[in-house]
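Novice: here you go, sequence then predicted model.
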Amino acid sequence: MNVFSRIFTQLNNGNKVVMLTVIDSANREGNKQTEKIFCTEEDLRNPGFSGNLNPETKQIVMQAMHSGEIQVLTASEQNLVVAEPFFPQPNLLILGGGHIAKPLCEFGSKLNFSVTVVDDRLVFANPQRFPDADQVICESFEKCFERLNFNPYTYVVIVTRGHRYDTVCLRAIAGKTWAYAGMIGSRRRVRGVMEQLIAEGISRDVLAKVNTPIGLEIGAVTPEEIAISILGQVISYRRLAKPELGSESDKINWTEFDRDVIQELSLGKEDNKAIVTVISTRGSVPRKAGAKMIVWPDGRILGSIGGGCSEGAVIQTARDIIREGGYRLSTVDMTGSIAEDEGMVCGGTMEVLVESFNNRKDSKRP
C-alpha cells in the first residue's frame, strides 16, 4: 500500500494526516527519489514514532496538523522538508428532500462538500432528483442515523417538512459530533422543538449551538436564495475560527488539494507519471499551496495548479522528469507582463515540486 492509499483511507475515516516529503537539495535535479513519511494524529501521540522526528521536523508536522497549511523547513543547505496536511472532505448532511434541498445539494457539491440527502419519501429521495449527491438515503428519520457517520467535518442542515421530523433529527444529532448544525423553521416552530427537547433532558448548551433561524440574513426569498444564505453560514463555520464574529483575522486557510488526484494516486496503478505540488506561494496566484496535479507521459493531466502558459511549462518539466526520474523544484512566475500576457489577474509566484512517481512503496516511519 503506497502512502497515498493510506492517506485516502484515513481521510475516508474522518482523520487528518500529514505527509512529509524529504528533499535532498544537493540532488534536486538528480535521479534520487524524494522520501515520503506518513503521519497521523495518533502517530504524534506515540513516543515510538514522534521520538524519531528531530524537533524542527516535529514542530512543522504539528503546525501543519493544527493549521491545515503546508509548512516548509529548510533544515540546511542540503535538506528541505515539506509537511503537507490533508483534512477530510467536509460532509454536508441534508435532512429533508424538499424544495430547498435541491439547490442546497447542487451548490454544496460545487463547493466541494460530499453531500448526503435523507428523506423518508422515495419521490423525494432518489438519485434522479439529486444527481449531485454522493449519497441519497430513503429511510425514516428515526432509523436513518444508523446509516450515517458523524465527525468534526460534518455540517448538518435540517430542512424537513414538519415539526415532528425536526424534533426527531435534532434529538438524534444532539449526541453526535459535528462542525455545524442548523434548522429551518419559524421562531414559534423552533421554540416548540427546543422546549420539548429541553424537557427530555437534552443539554441547553448543545441546543444553543444549533443555528436557528438558519442561514445568513440576506433577505432570501426563493429556494435558491435560501440555499445560498444557508451555505454562506456553513462556509463561515468551515473557514472562520470564530464564525459568529465574522473576523477575517481568524480565517482558516486549509491547504488546497484535489481529492480526485489523491484518489487516483491511491489506486496503486503501476504506470509512470509525475506529481506536481504547489509548496509555497507569494502574492496573488490562481491556486494556493497544496494544489496538486498528475501528469502522464502523453501529456494528459488530472488536477490543476492554475492553468495558462505557466502550467504548460510545468507540464513539460513533468514530462522530462518522468523520463529522467527524480524531482525538480521550479518557480512559476506570474508577475507583471507574464500574468498580463496570460490574461490573469495575478502578480505572484509559486514554488512547485515536480516528482516522478511509479507507485513505489513509501515508509511510514521517520
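Specialist: Good, I have the coordinates. A quick note: this is a predicted structure, and the numbers were derived from the prediction, not measured.

Novice: hey, where'd the strands end up in the protein?
Specialist: For the chain, the strands defined by DSSP state E occupy 17-24, 35-40, 71-76, 79-86, 91-95, 114-119, 135-138, 154-158, 180-183, 273-282, 292-295, 301-303, 327-333, 349-357.

Novice: just say which of those is most tucked in.
Specialist: Burial of those is given as mean neighbour count (mean count of other CB atoms under 10 Å); strand 91-95 ranks first at a mean of 27. For every residue, glycine as well, the C-beta is placed using N, CA and C.

Novice: export the strands of the chain to CSV and tack on distance to residue 257 and mean pLDDT?
Specialist: Formatted as CSV, these follow (distance: least, CB to CB, whole Å; pLDDT from 0 to 100):
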stretch, distance to residue 257, mean pLDDT
strand 17-24, 10, 89
strand 35-40, 15, 90
strand 71-76, 15, 78
strand 79-86, 6, 90
strand 91-95, 17, 98
strand 114-119, 15, 98
strand 135-138, 22, 98
strand 154-158, 19, 97
strand 180-183, 22, 96
strand 273-282, 9, 94
strand 292-295, 6, 96
strand 301-303, 9, 95
strand 327-333, 17, 88
strand 349-357, 13, 91
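
Novice: just put these in JSON lines and tack on distance to residue 316.
Specialist: Compiled in JSON lines, the strands of the chain are given as follows (distance: least, CB to CB, whole Å):
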{"stretch": "strand 17-24", "distance to residue 316": "21"}
{"stretch": "strand 35-40", "distance to residue 316": "24"}
{"stretch": "strand 71-76", "distance to residue 316": "24"}
{"stretch": "strand 79-86", "distance to residue 316": "23"}
{"stretch": "strand 91-95", "distance to residue 316": "38"}
{"stretch": "strand 114-119", "distance to residue 316": "34"}
{"stretch": "strand 135-138", "distance to residue 316": "40"}
{"stretch": "strand 154-158", "distance to residue 316": "41"}
{"stretch": "strand 180-183", "distance to residue 316": "43"}
{"stretch": "strand 273-282", "distance to residue 316": "11"}
{"stretch": "strand 292-295", "distance to residue 316": "9"}
{"stretch": "strand 301-303", "distance to residue 316": "12"}
{"stretch": "strand 327-333", "distance to residue 316": "10"}
{"stretch": "strand 349-357", "distance to residue 316": "10"}
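
Novice: by mean pLDDT, point me to the weakest helix or strand of the protein.
Specialist: helix 336-341 (a mean of 54; mean pLDDT, DSSP states H and E).

Novice: pull out the buried residues from stretch 137-154.
Specialist: Residues 137-138, 141, 144-145, 148, 150, 153-154 are the ones in stretch 137-154 that count as buried (16 or more other CB atoms under 10 Å).

Novice: report back the residue of the chain that's furthest from centre.
Specialist: Distance from the C-alpha centroid of the chain peaks at residue 199, with 37.9 Å (CA atoms, centre = their mean).

Novice: could you measure from it over to residue 167?
Specialist: Look at residue 199 and residue 167: by CB to CB, to the nearest Å, they are 11 Å apart.

Novice: cool, residue 60 as well?
Specialist: From residue 60 to residue 167 the distance is 47 Å (CB to CB).

Novice: please apply the same query to residue 91.
Specialist: 23 Å.

Novice: could you do residue 274 as well?
Specialist: Counting by CB to CB - residue 274 and residue 167 are separated by 54 Å.
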